[in-house]
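# okay, here's the prediction I keep looking at, along with the sequence it came from:
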Amino acid sequence: MAAMDTLPPRQSPKISPDRRHNPGPWAEPVLVERPSVQRSPIVFSSPHSGRTYPASFLHESRLDIATLRRSEDSFVEELFASAPALGCPLIHAAFPRTWCDVNREPWELDPAMFADPLPAYVNAASPRVGAGLGTIARVVSTGEAIYRRKLTFEEAEARIATCWRPYHEALAALIAETLHRFGCCLLIDCHSMPSLGTVPAREPAPDVVLGDAHGTSCAPLATRRVEEALVRHGLRVRRNEPYAGGYVTRHYGRPREGVHALQIELSRSLYMDEVRIEPSAGFSAMKALLERMIRELVAADWSPLRP
(Lines give C-alpha, C1' and ligand atoms only; values in the text may rest on other atoms or scores of the structure.)
Protein backbone atom coordinates (compact mmCIF):
# COMPACT_ATOMS: atom_id res chain seq x y z
CA MET A 1 0.00 0.00 0.00
CA ALA A 2 1.36 3.39 -0.97
CA ALA A 3 0.67 4.96 2.41
CA MET A 4 2.93 2.43 4.06
CA ASP A 5 5.95 3.05 1.83
CA THR A 6 8.81 4.38 3.94
CA LEU A 7 10.71 5.80 0.98
CA PRO A 8 9.35 7.42 -2.18
CA PRO A 9 10.49 5.45 -5.25
CA ARG A 10 13.05 8.02 -6.42
CA GLN A 11 14.67 7.96 -2.99
CA SER A 12 15.29 4.24 -2.55
CA PRO A 13 19.02 3.51 -2.77
CA LYS A 14 20.00 0.40 -0.85
CA ILE A 15 21.48 1.17 2.56
CA SER A 16 22.60 -1.50 4.96
CA PRO A 17 22.05 -0.56 8.63
CA ASP A 18 25.58 -1.41 9.77
CA ARG A 19 25.92 -0.82 13.49
CA ARG A 20 29.68 -0.33 13.09
CA HIS A 21 28.94 2.97 11.35
CA ASN A 22 26.59 4.18 14.08
CA PRO A 23 28.51 6.16 16.71
CA GLY A 24 25.29 6.69 18.64
CA PRO A 25 24.98 5.58 22.27
CA TRP A 26 21.54 4.03 21.85
CA ALA A 27 20.89 0.40 22.61
CA GLU A 28 17.66 1.01 20.69
CA PRO A 29 17.42 4.20 18.63
CA VAL A 30 13.66 3.72 18.22
CA LEU A 31 11.39 2.79 21.12
CA VAL A 32 7.99 1.22 20.52
CA GLU A 33 5.72 0.87 23.54
CA ARG A 34 2.80 -1.41 22.80
CA PRO A 35 -0.38 -1.92 24.80
CA SER A 36 -1.12 -5.42 26.09
CA VAL A 37 -4.24 -5.19 23.90
CA GLN A 38 -4.71 -2.42 21.36
CA ARG A 39 -8.15 -1.00 22.03
CA SER A 40 -8.26 1.82 19.51
CA PRO A 41 -7.06 2.58 15.97
CA ILE A 42 -4.97 5.47 17.35
CA VAL A 43 -1.16 5.43 17.16
CA PHE A 44 0.93 8.09 18.90
CA SER A 45 4.38 9.11 17.69
CA SER A 46 6.98 11.49 19.11
CA PRO A 47 9.79 11.88 16.57
CA HIS A 48 11.56 14.89 18.13
CA SER A 49 11.75 14.14 21.85
CA GLY A 50 14.98 12.10 21.79
CA ARG A 51 17.63 13.54 24.09
CA THR A 52 20.56 11.11 24.15
CA TYR A 53 23.46 12.81 22.35
CA PRO A 54 26.49 10.97 20.94
CA ALA A 55 29.71 12.11 22.62
CA SER A 56 31.34 12.53 19.21
CA PHE A 57 28.51 14.83 18.14
CA LEU A 58 28.91 17.03 21.21
CA HIS A 59 32.68 17.18 20.67
CA GLU A 60 32.33 18.26 17.04
CA SER A 61 29.53 20.76 17.59
CA ARG A 62 30.18 24.47 17.93
CA LEU A 63 27.32 24.60 20.44
CA ASP A 64 26.89 23.44 24.00
CA ILE A 65 24.31 20.82 24.82
CA ALA A 66 21.86 23.35 26.26
CA THR A 67 21.74 25.17 22.92
CA LEU A 68 21.40 21.92 20.99
CA ARG A 69 18.55 20.84 23.24
CA ARG A 70 16.44 23.87 22.34
CA SER A 71 15.64 22.06 19.09
CA GLU A 72 14.09 19.15 21.00
CA ASP A 73 10.43 18.56 21.66
CA SER A 74 11.57 17.91 25.20
CA PHE A 75 9.60 15.44 27.35
CA VAL A 76 6.79 15.02 24.83
CA GLU A 77 6.96 11.22 24.95
CA GLU A 78 6.56 11.49 28.75
CA LEU A 79 3.47 13.66 28.36
CA PHE A 80 1.84 10.94 26.22
CA ALA A 81 3.24 8.05 28.25
CA SER A 82 -0.22 6.89 29.34
CA ALA A 83 -1.16 5.90 25.78
CA PRO A 84 0.02 2.24 25.93
CA ALA A 85 -1.75 1.59 29.24
CA LEU A 86 -4.93 3.03 27.68
CA GLY A 87 -4.69 0.81 24.61
CA CYS A 88 -2.67 2.77 22.03
CA PRO A 89 0.88 2.21 20.75
CA LEU A 90 3.47 4.94 21.31
CA ILE A 91 6.62 5.23 19.20
CA HIS A 92 9.42 7.68 19.96
CA ALA A 93 13.03 8.34 19.03
CA ALA A 94 15.96 8.06 21.45
CA PHE A 95 18.21 10.14 19.19
CA PRO A 96 17.85 13.94 18.98
CA ARG A 97 16.46 15.67 15.91
CA THR A 98 19.70 17.63 15.45
CA TRP A 99 21.40 14.27 14.82
CA CYS A 100 18.74 12.98 12.42
CA ASP A 101 15.31 14.46 11.80
CA VAL A 102 12.79 11.76 10.96
CA ASN A 103 10.09 14.36 10.28
CA ARG A 104 11.82 15.06 6.97
CA GLU A 105 12.22 13.15 3.74
CA PRO A 106 15.15 10.73 4.04
CA TRP A 107 17.41 12.75 1.77
CA GLU A 108 16.69 16.42 2.44
CA LEU A 109 20.34 17.47 2.63
CA ASP A 110 22.21 20.76 2.24
CA PRO A 111 25.18 20.37 -0.17
CA ALA A 112 27.00 23.20 1.62
CA MET A 113 27.27 20.98 4.71
CA PHE A 114 29.20 18.23 2.96
CA ALA A 115 32.79 17.84 1.86
CA ASP A 116 31.89 15.56 -1.06
CA PRO A 117 29.28 15.86 -3.84
CA LEU A 118 25.81 14.53 -3.05
CA PRO A 119 23.98 11.97 -5.23
CA ALA A 120 21.36 13.14 -7.68
CA TYR A 121 18.48 11.69 -5.64
CA VAL A 122 19.16 14.11 -2.76
CA ASN A 123 16.50 16.82 -2.37
CA ALA A 124 18.67 19.91 -1.89
CA ALA A 125 15.99 22.38 -2.94
CA SER A 126 13.35 21.93 -0.24
CA PRO A 127 12.39 24.90 1.95
CA ARG A 128 13.54 22.91 4.99
CA VAL A 129 17.02 22.54 3.54
CA GLY A 130 17.05 26.24 2.71
CA ALA A 131 16.27 27.01 6.34
CA GLY A 132 19.09 24.75 7.50
CA LEU A 133 16.65 22.20 8.93
CA GLY A 134 16.92 19.21 6.63
CA THR A 135 17.23 15.53 7.56
CA ILE A 136 20.67 16.38 8.93
CA ALA A 137 20.26 19.87 10.37
CA ARG A 138 22.79 22.60 9.63
CA VAL A 139 21.49 24.90 12.37
CA VAL A 140 19.50 24.62 15.59
CA SER A 141 16.03 26.08 15.89
CA THR A 142 17.44 29.43 17.04
CA GLY A 143 19.62 29.71 13.91
CA GLU A 144 23.13 28.96 15.20
CA ALA A 145 25.30 26.71 13.03
CA ILE A 146 25.90 23.28 14.58
CA TYR A 147 29.14 21.97 13.06
CA ARG A 148 32.79 22.97 13.19
CA ARG A 149 33.54 21.02 10.00
CA LYS A 150 31.89 19.68 6.88
CA LEU A 151 30.39 16.22 7.04
CA THR A 152 30.87 13.36 4.61
CA PHE A 153 27.95 11.86 2.74
CA GLU A 154 28.87 8.51 4.32
CA GLU A 155 28.06 10.02 7.72
CA ALA A 156 24.65 11.10 6.49
CA GLU A 157 24.02 7.62 5.04
CA ALA A 158 24.89 6.04 8.38
CA ARG A 159 22.48 8.27 10.30
CA ILE A 160 19.69 7.64 7.83
CA ALA A 161 20.35 3.88 7.91
CA THR A 162 20.49 3.59 11.69
CA CYS A 163 17.96 6.25 12.76
CA TRP A 164 15.65 7.47 9.97
CA ARG A 165 15.01 4.09 8.38
CA PRO A 166 14.33 2.14 11.62
CA TYR A 167 11.94 4.84 12.82
CA HIS A 168 9.88 4.78 9.65
CA GLU A 169 9.97 1.01 9.33
CA ALA A 170 8.61 0.70 12.87
CA LEU A 171 6.01 3.44 12.36
CA ALA A 172 4.84 1.99 9.05
CA ALA A 173 4.51 -1.42 10.70
CA LEU A 174 2.37 0.00 13.53
CA ILE A 175 0.11 1.76 11.03
CA ALA A 176 -0.23 -1.37 8.86
CA GLU A 177 -1.05 -3.54 11.88
CA THR A 178 -3.61 -1.02 13.11
CA LEU A 179 -5.20 -0.69 9.68
CA HIS A 180 -5.48 -4.47 9.40
CA ARG A 181 -7.00 -4.80 12.88
CA PHE A 182 -9.46 -1.89 12.85
CA GLY A 183 -9.95 -1.03 9.19
CA CYS A 184 -8.54 2.45 9.79
CA CYS A 185 -5.75 4.20 11.65
CA LEU A 186 -5.42 7.64 13.21
CA LEU A 187 -1.78 8.63 13.66
CA ILE A 188 -1.31 11.49 16.14
CA ASP A 189 2.17 12.94 15.65
CA CYS A 190 3.17 14.69 18.87
CA HIS A 191 5.37 17.80 19.02
CA SER A 192 5.99 20.90 21.09
CA MET A 193 6.42 24.52 20.07
CA PRO A 194 8.16 27.54 21.62
CA SER A 195 5.73 29.68 23.55
CA LEU A 196 6.86 32.89 21.83
CA GLY A 197 6.74 33.96 18.20
CA THR A 198 4.18 31.45 16.95
CA VAL A 199 1.43 33.99 16.18
CA PRO A 200 1.22 37.77 15.72
CA ALA A 201 1.47 39.60 19.03
CA ARG A 202 -2.03 41.09 18.62
CA GLU A 203 -3.62 37.64 18.87
CA PRO A 204 -3.77 35.37 21.93
CA ALA A 205 -1.09 32.70 21.64
CA PRO A 206 -2.52 29.21 21.17
CA ASP A 207 -1.83 26.46 23.67
CA VAL A 208 -2.09 23.87 20.91
CA VAL A 209 -1.78 23.91 17.14
CA LEU A 210 -3.35 21.02 15.23
CA GLY A 211 -1.98 20.36 11.77
CA ASP A 212 -3.92 18.31 9.25
CA ALA A 213 -2.16 19.69 6.16
CA HIS A 214 -5.12 22.01 5.65
CA GLY A 215 -7.64 19.20 5.67
CA THR A 216 -5.76 16.79 3.40
CA SER A 217 -4.06 14.39 5.85
CA CYS A 218 -7.06 13.29 7.89
CA ALA A 219 -10.82 13.39 7.96
CA PRO A 220 -12.46 16.50 9.45
CA LEU A 221 -14.06 14.23 12.07
CA ALA A 222 -10.66 13.31 13.52
CA THR A 223 -9.39 16.89 13.70
CA ARG A 224 -12.66 18.07 15.21
CA ARG A 225 -12.75 15.38 17.91
CA VAL A 226 -9.20 16.07 19.05
CA GLU A 227 -9.83 19.81 18.98
CA GLU A 228 -13.05 19.49 20.98
CA ALA A 229 -11.36 17.30 23.59
CA LEU A 230 -8.59 19.85 24.08
CA VAL A 231 -11.00 22.80 24.22
CA ARG A 232 -13.14 21.00 26.82
CA HIS A 233 -10.07 20.93 29.04
CA GLY A 234 -9.56 24.68 28.72
CA LEU A 235 -6.86 24.90 26.03
CA ARG A 236 -6.77 27.45 23.20
CA VAL A 237 -6.51 25.56 19.92
CA ARG A 238 -5.56 26.80 16.49
CA ARG A 239 -5.51 24.83 13.24
CA ASN A 240 -2.64 24.73 10.74
CA GLU A 241 -1.11 28.08 11.68
CA PRO A 242 1.83 28.21 11.88
CA TYR A 243 2.27 24.41 11.82
CA ALA A 244 0.24 22.50 9.24
CA GLY A 245 2.14 19.22 9.56
CA GLY A 246 5.54 17.89 8.58
CA TYR A 247 6.74 14.90 6.60
CA VAL A 248 5.19 12.32 8.93
CA THR A 249 1.74 13.90 8.72
CA ARG A 250 1.81 14.48 4.98
CA HIS A 251 3.45 11.18 4.01
CA TYR A 252 1.33 8.82 6.07
CA GLY A 253 -1.97 10.71 5.98
CA ARG A 254 -3.99 8.99 3.23
CA PRO A 255 -7.63 9.33 4.27
CA ARG A 256 -8.96 7.58 1.17
CA GLU A 257 -6.98 4.50 2.24
CA GLY A 258 -8.14 4.69 5.84
CA VAL A 259 -4.94 6.19 7.24
CA HIS A 260 -5.40 9.57 8.90
CA ALA A 261 -2.56 11.68 10.33
CA LEU A 262 -2.84 14.67 12.63
CA GLN A 263 0.04 16.70 14.04
CA ILE A 264 -0.30 18.18 17.52
CA GLU A 265 1.97 20.97 18.77
CA LEU A 266 1.86 21.79 22.48
CA SER A 267 3.12 25.10 23.81
CA ARG A 268 6.19 24.41 25.95
CA SER A 269 5.09 27.05 28.43
CA LEU A 270 2.34 24.65 29.54
CA TYR A 271 4.70 22.07 30.97
CA MET A 272 8.38 23.07 30.98
CA ASP A 273 10.94 25.73 31.78
CA GLU A 274 12.09 26.68 28.28
CA VAL A 275 15.36 28.23 29.49
CA ARG A 276 16.48 25.45 31.81
CA ILE A 277 14.91 22.72 29.64
CA GLU A 278 13.33 20.89 32.53
CA PRO A 279 9.75 20.05 33.51
CA SER A 280 7.91 22.87 35.25
CA ALA A 281 5.30 22.84 37.98
CA GLY A 282 2.67 22.46 35.25
CA PHE A 283 4.06 19.19 33.91
CA SER A 284 1.96 16.81 36.00
CA ALA A 285 -1.25 18.72 35.26
CA MET A 286 -0.55 18.71 31.53
CA LYS A 287 0.24 15.00 31.55
CA ALA A 288 -3.01 14.32 33.42
CA LEU A 289 -4.98 16.47 30.96
CA LEU A 290 -3.57 14.53 28.02
CA GLU A 291 -4.35 11.24 29.74
CA ARG A 292 -8.00 12.34 30.03
CA MET A 293 -7.96 13.35 26.37
CA ILE A 294 -6.54 9.96 25.33
CA ARG A 295 -9.20 8.16 27.37
CA GLU A 296 -11.91 10.12 25.57
CA LEU A 297 -10.42 9.39 22.16
CA VAL A 298 -10.01 5.69 22.91
CA ALA A 299 -13.68 5.48 23.92
CA ALA A 300 -14.85 7.10 20.68
CA ASP A 301 -16.21 5.24 17.66
CA TRP A 302 -13.67 5.63 14.85
CA SER A 303 -15.39 3.39 12.31
CA PRO A 304 -16.35 6.45 10.17
CA LEU A 305 -12.64 6.76 9.33
CA ARG A 306 -12.74 3.50 7.40
CA PRO A 307 -12.56 3.93 3.61
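The structure has been received and is ready for your questions.
# list the buried residues in the lowest-mean-pLDDT helix or strand in the chain.
Here the helix or strand of the chain ranked lowest by mean pLDDT, DSSP states H and E is helix 55-60, holding a mean of 94. Across helix 55-60, burial judged by 16 or more other C-beta atoms under 10 Å covers residue 57. C-beta: built from backbone N, CA, C; applies to glycine.
# list of residues touching that helix?
The contact list for helix 55-60 (C-beta atoms under 8 Å, 6 or more residues apart in numbering) reads 23, 25, 65, 68, 98-99, 147-149.
# secondary structure and neighbour count added to the residues you listed, as TSV?
TSV is the format used below for those (DSSP: H, G, I helix; E, B strand; the rest coil; neighbours: other C-beta atoms under 10 Å):
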residue	secondary structure	neighbour count
23	coil	14
25	coil	14
65	helix	13
68	helix	24
98	coil	26
99	coil	22
147	strand	16
148	coil	10
149	coil	9
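# so which of the residues you listed comes closest to residue 111?
residue 147 (14.1 Å; C-beta to C-beta).
# ok, the closest one - contacts?
60-62, 113, 138.
# which of these are buried?
Buried among these by 16+ other C-beta under 10 Å: 61, 113, 138.
# what's the spacing between the most centrally placed residue in the chain and residue 191?
Nearest to the mean C-alpha position of the chain, by C-alpha atoms, centre = their mean, lies residue 47 at 3.2 Å. Separation of residue 47 from residue 191 (C-beta to C-beta, to the nearest Å) stands at 8 Å.
# and residue 185, what are its bridge partners?
residue 259 (DSSP bridges).
# residue 88 versus that one, what's the distance?
Where residue 88 is concerned, residue 185 sits at a distance of 11 Å (C-beta to C-beta).
# which residues are common contacts for those two?
Here residue 185 and residue 88 have 42-43 as joint contacts, going by C-beta under 8 Å, 6+ apart.
# just confirm residue 32 is within a helix.
No: Residue 32: not assigned to a helix; according to DSSP: H, G, I helix; E, B strand; the rest coil it is strand.
# hang on, isn't it packed against residue 91?
Yes: Residue 32 lies in contact with residue 91 (C-beta atoms under 8 Å); the separation is 5.0 Å.
# anything in contact with each of these two?
Shared contacts of residue 32 and residue 91, counting by C-beta under 8 Å, 6+ apart, come down to 170, 174.
# the more surrounded of those two?
Between residue 32 and residue 91, counted using other C-beta atoms under 10 Å, residue 91 has the larger neighbour count: 24 against 17.
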